[in-house]
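**Q** Sharing a model that was predicted from the sequence below.
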Amino acid sequence: MDLRFDEADEAFRREVACWLATALTGEFAELVDAGGPGREHEHLQARKAWERRLGRDGWIGLGWPEADGGRGLSWERQVIFHEECARAGAPGRVGHIGEQLLGPTLLMFGTAEQKARFLPGILDGTRLWCQGYSEPGAGSDLAAVRTRAELRGGEWHVDGQKVWTSLATEADWCFVLARTEPGSLRHRGLSCLLVPMDQPGVDVRPIVQLTGTSEFNEVFFDDARAARDDVVGAPGEGWKVAMGTLAVERGVSTFGQQMGFAREFERVLAAARATGAADDPVLAERLLDSWMQLQVLRYTAVMTLGAPAGSTPGTEANVAKLMWAPWHRRLGELAVDVLGAAGTVAAGPGVDELTPAQRLHLFTRADTIYGGSDEVQRTVIAQRMLGLPRGPA
Amino acid sequence: MDLRFDEADEAFRREVACWLATALTGEFAELVDAGGPGREHEHLQARKAWERRLGRDGWIGLGWPEADGGRGLSWERQVIFHEECARAGAPGRVGHIGEQLLGPTLLMFGTAEQKARFLPGILDGTRLWCQGYSEPGAGSDLAAVRTRAELRGGEWHVDGQKVWTSLATEADWCFVLARTEPGSLRHRGLSCLLVPMDQPGVDVRPIVQLTGTSEFNEVFFDDARAARDDVVGAPGEGWKVAMGTLAVERGVSTFGQQMGFAREFERVLAAARATGAADDPVLAERLLDSWMQLQVLRYTAVMTLGAPAGSTPGTEANVAKLMWAPWHRRLGELAVDVLGAAGTVAAGPGVDELTPAQRLHLFTRADTIYGGSDEVQRTVIAQRMLGLPRGPA
Amino acid sequence: MDVGFDAAQRDLRRTVRDLLDREGGAGRGSPVWRRIRELGLLGITVGERHGGAGASSVELGIVLAELGRALTAVPFLQTTVAATVLDRSAAPVAAQVLPGLVAGDLVAGLATPGPASSLPVGTRSALTGVLDNVVDGPHLDLLLTPALVDGDTVLAAVRTDVAGVARTTLPTVDRSRPQARFVLDGAPAVVVGDAAAAARAVDLLLAAVAVESAGAARHCLDATVAHLRTREQFGRPLGTFQALQHRCADLAVLVESAWSTAWYATWAVDGDPATAAVSAPLAKAYCADAFRAVAGEMIQLHGGIGFTWEHPAHRYFKRATSTDLLFGGRAWVRSLVARRAGLRP
Amino acid sequence: MDVGFDAAQRDLRRTVRDLLDREGGAGRGSPVWRRIRELGLLGITVGERHGGAGASSVELGIVLAELGRALTAVPFLQTTVAATVLDRSAAPVAAQVLPGLVAGDLVAGLATPGPASSLPVGTRSALTGVLDNVVDGPHLDLLLTPALVDGDTVLAAVRTDVAGVARTTLPTVDRSRPQARFVLDGAPAVVVGDAAAAARAVDLLLAAVAVESAGAARHCLDATVAHLRTREQFGRPLGTFQALQHRCADLAVLVESAWSTAWYATWAVDGDPATAAVSAPLAKAYCADAFRAVAGEMIQLHGGIGFTWEHPAHRYFKRATSTDLLFGGRAWVRSLVARRAGLRP
């Protein structure tokens, strides 16, 4: 057991840090700390340019096989890249859905032709993706998907509605889970289709959130089209593909996320010191709890990321989500609580004019809902990790 | 709305307090604070004498109808009696199962003959009862009762096992929920039988608890006998009778219980002040929380006890249990935590030689289990009070 | 002892609920405020000699619980608390302003309470200091505040439209609870009560906030339970899932106990003022905690829809947060309880 | 980075688990202690020059986690922590006692850490003070303690069977963790390390307690899950009830994270000692909390049977409590974390 990065890894860390120090300047200087959950609406054009810059300099697909255009780097180096980006305040990615969800899905299930067509646009940061899984009636219960697609005249005709689709306004393509066998039930008869967003049958409507801003969207498909071959995996195997996508969600990016959490914590601590709240024993104890839990998040990520497969198969991500989401939500509560009455005063009169502390407080309510709610995580952990038996029906 | 006791009630309070000050002397002086949950094994003979003293002076059955030998007093006066007993440290009752469970059950469901035979022994404190409901396979799930009774040769023959039976070693009689219709399922075919304890077919075995003491027992019935007429309600209607018994559990005695809690809290606070723990900000906050919650328990009891029937029918007792049991358990944790390392040192080398703080810490783990576990209370509240629908099966 | 609400009190509740179901808007120009004025609710606790109904704090609480339930954004709580306080005052100014308050022509309120170090100081006729985060501040014609005069605490009244008073409206996250900051610079003031009156005013304010919050918290639970009864996932209503049932049960315990605590304190401010010194701050602290917890769970148990601007859940969540952070904040209110209960020096 | 356990480490775990499943008893005369001595586990971290195996803190942690799981009541943790500390010491006494510690002829341990005000004081050869609640105190031949000598903190060793040392055995609620009080009255002492060595000794002790507790907490969860899988109520296994599933999931998160935290700290005391100054007290605080929570739920989820003396749940519950209250207690250990992390002065 050796839980340190080795010297060569540390050299790579310095390389990443140097690159970031150089790159996050000029046109990109304004992007420090921009974007990301709760701030997804910020500086979109500049962040798209940043995505192309990342691609140009070879920072996308670090862990992908070299044969597929990636760099085949170890998980340690991927962790380091994410950590350094977060430490430098690099902006929230707009290409992460392509790089971290669709790309790995294509690497697992895609044909050679699909990989050749779709991976380069992800790797060079020019083609953005969004994910069309959740529906109004299929949130926690993804198998209740009702969007349907029919193969007619050599192409798929897609009808239905998706919801909670991040960055749909910016995306060029969407990977859509749709029911392709009429009358099929639950997990059967679904397919994963690749659908271009720029067509008459696709309508994106932003959802105004409790923050007054929008980053989630509704996406309506009204006879939208997808090419016959743009289905990932065999038609009817969409559930398997979707589960594969969800399994790769999170992983090495966890460490970058934690570095971002640490920056947020430091801001809350600084505010608490400025207001004197850090001297209030109850708030001081909550700050200490928060800081300790953040270290525990990191220790747990270190100990489980590289653990030999098979110990607790596939549920590490569920455990991690059920740790960080409630932690982050509590940090949001702490962020306004250390401000006291001042925490109730907004940054301005507009509905979306919130202070960073307020934005954290409000937006983190979503953390325990999206990406598998706390409740879904608990059921998965109980049944798949602990082996508790399913109840009736 | 007027949440004070009126002047006549306060006069009654002074009468009770005077009686207690006189009575809790001499042979009964040693009984101050003795008995009750966690200390049920203490001074049993003297407490039985105390029970007879209560009966002699007319302090049993305060709320029972005068026609049945009670005093027909208002709920306010019953509350006052319980409060003053707790305030004076009057010992934990050994006759409360008769007075507070069986008696009211007979008043609801008993025949005139049963009332004439059984109520006087309760009212004069000479006949003690225990309750035979729970079984090893029927804890939270009372309808799974397997003890069976058969009417043969003019009397009931009882076979089976009860468990968690308080004061069974002291009781003269037991009211037993038994299956009297062979092959009947769940709530049907049960009867409530009155069984004398002093007979060859009844065997009582104390259960050693985590405190090293015993107050719960197993009771084995091996062809035990009950008279043909000693069934409460009609044969087969035992479930209705049992539910009636459980509904009267708690009520006015809640206030006495809370007064006892207040005495316990004061002892924890005194210990915290003696050790300096009261100056530790985290423990000081927990002490304040505990005290505040204790007031909330009282406010809630006041506001719900006299509330017009029909507002939240019958679930006040469930809410009260789900408030006091976890509160009391937390008080037990606080009791040892304020002592720090000293809280781990026992009163002596025997397994049952615990300090009062340790006894509170350990015994309160049972509070959230017996008398309907927290989990059962939550289900009742969700379904009966909130009207959430039952799940499948 | 008489625990329940009587028929007249139940009628009052029905009347107010019907009114709030029908009329909307926010602030002094709204239809709902006009109806509140017409019904004479603003004088509910004011003696008949000043044109009020002479009812107790319990009747006031009934209206407040309904306003909390509906989250109606009008300066009712502040105005009625101020009117109740002034009704007890022998100062001539009280008789002058009470008819206006009862009629709704004038709006008054208390400055946010807090530690003594934050009080304005001065003479019995002029005060200097900053009163921050004053709830309903933008609406107020008259401001009541504890103040330090020659080392004594008094309760003072300050008109807001005079020289020496500068008002700044503050933008708020909880848009149902506007705020202003008042900078007093030798502001003309009159003393309307002594230190005991100032303390009783704060107790009344805290009890009023508690019962308003209890009403709001109860609504959060009701709305969540209604959602769980109908919303289906995995082929059956969410409310059939035991894990959600048990969480709702814990919320129900919180709401029931907050409700009882709020009512105890609300009754006590008139019925047993000596005990209100503990029960009022205790109720405010407890109900704010309960409200925050149940409003947070309201979002969680509604899932994604509870996170949208369109759904009312966020308004309750923001109100719960402001309830906890305003009116002295959590630590100060709890320290009041601890000191008055003798738990701390 | 290399996160997993290697084959030799996995073998070690299996060996220890088999041993503890087979052998029982408590204290120095027990069969299980004899087997531990025979296997050479007491010298696991001690250098080969003193007859030890020269392994790292990770191997020590593997044994401790198993001892925690089985709740075996032998003075292993104390003796091996003391031996590890002495193995790093250049003091001549270290070389004298280490062979006896490795062989199990001698038993040693650290005094319960805590604030500096509680340390014994004196010279480099004689100490005076009270060392209370010393874990395994009745078994100890040799006691290590931080002490104040001429205003400096040192790490000192005191033999327990000499004049100037009075030992009182204390009865304990957690019968798996005996205690004694030592009164030192000019007790003969030798200095075995400086202030840094004393601090490192405490870090090692806290990490060892953390990993032992993590092993125990994991067992509480495993046993509870096994019970829920088989125990039926309402016609089906309790483990099918969603409310219980969700509570077990929360416990699993607690246990997994405590496990990771304990291992991180256990690795760090040898692998990255500078970071152990934070991770060791943090792990002790976190694992004690987790252990108390899961042991409490172990009783609750077993229902009545979990409340009996006969069922092992209470032994874990009592161990969890003593883990939290001893070894400096909760507040002191957390204050170490806060100061070392720079969160508090």
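**A** Arrived safely, thanks for sending. These numbers were taken from a predicted model, which means no experiment stands behind them. Numbers count the residues shown, from 1 in each chain, chains lettered A, B, ... in the order given.

**Q** Only C-alpha atoms from now on, for both contacts and neighbour counts.
**A** Fine.

**Q** Just the C-alpha atoms of the strand or helix carrying residue A:330, please, in CSV.
**A** Using DSSP states H and E, residue A:330 sits in helix A:316-337. Taking Å, rounded to 0.1, in the frame of the first residue of the first chain, the C-alpha atoms of helix A:316-337 are listed here in CSV:
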residue,chain,number,x,y,z
GLU,A,316,-18.2,2.7,-5.1
ALA,A,317,-19.8,5.4,-7.2
ASN,A,318,-23.1,5.0,-5.3
VAL,A,319,-21.3,5.3,-2.0
ALA,A,320,-19.4,8.4,-3.2
LYS,A,321,-22.5,10.1,-4.5
LEU,A,322,-24.3,9.5,-1.2
MET,A,323,-21.4,11.0,0.6
TRP,A,324,-20.7,14.1,-1.5
ALA,A,325,-24.2,15.2,-2.3
PRO,A,326,-25.5,15.6,1.3
TRP,A,327,-22.1,17.0,2.3
HIS,A,328,-22.3,19.7,-0.4
ARG,A,329,-25.8,20.5,0.5
ARG,A,330,-24.8,21.0,4.1
LEU,A,331,-21.9,23.2,3.0
GLY,A,332,-24.5,25.3,1.2
GLU,A,333,-26.5,25.7,4.4
LEU,A,334,-23.3,26.6,6.3
ALA,A,335,-22.4,29.2,3.6
VAL,A,336,-25.5,31.2,4.4
ASP,A,337,-25.6,30.4,8.1
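
**Q** Enumerate the positions of that helix that are buried.
**A** For helix A:316-337, the neighbour count (16 or more other C-alpha atoms under 10 Å in any protein chain shown) marks A:316-337 as buried.

**Q** Likewise for stretch C:311-327?
**A** Result for stretch C:311-327 [16+ other C-alpha under 10 Å]: buried residues C:312-327.

**Q** Convert the C-alpha atoms of it to CSV, please.
**A** In CSV, the C-alpha atoms belonging to stretch C:311-327 read as follows (Å, rounded to 0.1, in the frame of the first residue of the first chain):
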residue,chain,number,x,y,z
HIS,C,311,-43.1,25.1,-8.2
PRO,C,312,-43.8,26.8,-4.9
ALA,C,313,-41.4,24.7,-2.9
HIS,C,314,-38.5,27.1,-3.3
ARG,C,315,-40.6,30.0,-1.9
TYR,C,316,-41.1,28.0,1.3
PHE,C,317,-37.5,27.0,1.4
LYS,C,318,-36.4,30.6,1.1
ARG,C,319,-38.9,31.7,3.7
ALA,C,320,-37.7,29.0,6.1
THR,C,321,-34.1,30.2,5.7
SER,C,322,-35.0,33.8,6.3
THR,C,323,-37.1,32.9,9.3
ASP,C,324,-34.1,31.2,10.9
LEU,C,325,-31.5,33.9,10.0
LEU,C,326,-33.6,36.9,10.7
PHE,C,327,-35.4,38.0,14.0
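
**Q** what mean pLDDT would you report for it?
**A** Stretch C:311-327 carries an average pLDDT of 98.

**Q** Please apply the same query to stretch C:202-212.
**A** pLDDT averaged over stretch C:202-212 gives 98.

**Q** Need the contact partners of that stretch.
**A** Here stretch C:202-212 makes contact (C-alpha atoms under 8 Å, 6 or more residues apart in numbering or on different chains) with C:61, C:64-69, C:77-78, C:81, C:110, C:113, C:259, C:262-263, C:265-266, C:269, C:276-277, C:280-281, C:283-285, C:287-288, C:323, C:327.

**Q** Stretch C:16-30 now?
**A** C:31-35, C:63, C:66-67, C:70, C:72-75, C:139, C:176.

**Q** Go through these and say which is closest to chain D.
**A** Of all the contacts of stretch C:16-30, residue C:70 has the smallest distance to chain D: 32.0 Å, by C-alpha to the nearest C-alpha.

**Q** tally of neighbours for the closest one?
**A** Using other C-alpha atoms under 10 Å in any protein chain shown, residue C:70 is surrounded by 18 other residues.

**Q** Where does pLDDT dip in chain A?
**A** The model of chain A has pLDDT under 70 over residues A:247-251, A:306-313, A:393.

**Q** got a list of what the residue nearest to residue A:105 when sequence neighbours are not counted touches?
**A** Leaving aside its sequence neighbours, residue A:105 sits nearest to residue A:245 (C-alpha to C-alpha, 6 or more residues apart in numbering or on different chains; 5.6 Å). Residue A:245 makes contact with A:101, A:102, A:104, A:105, according to C-alpha under 8 Å, 6+ apart.
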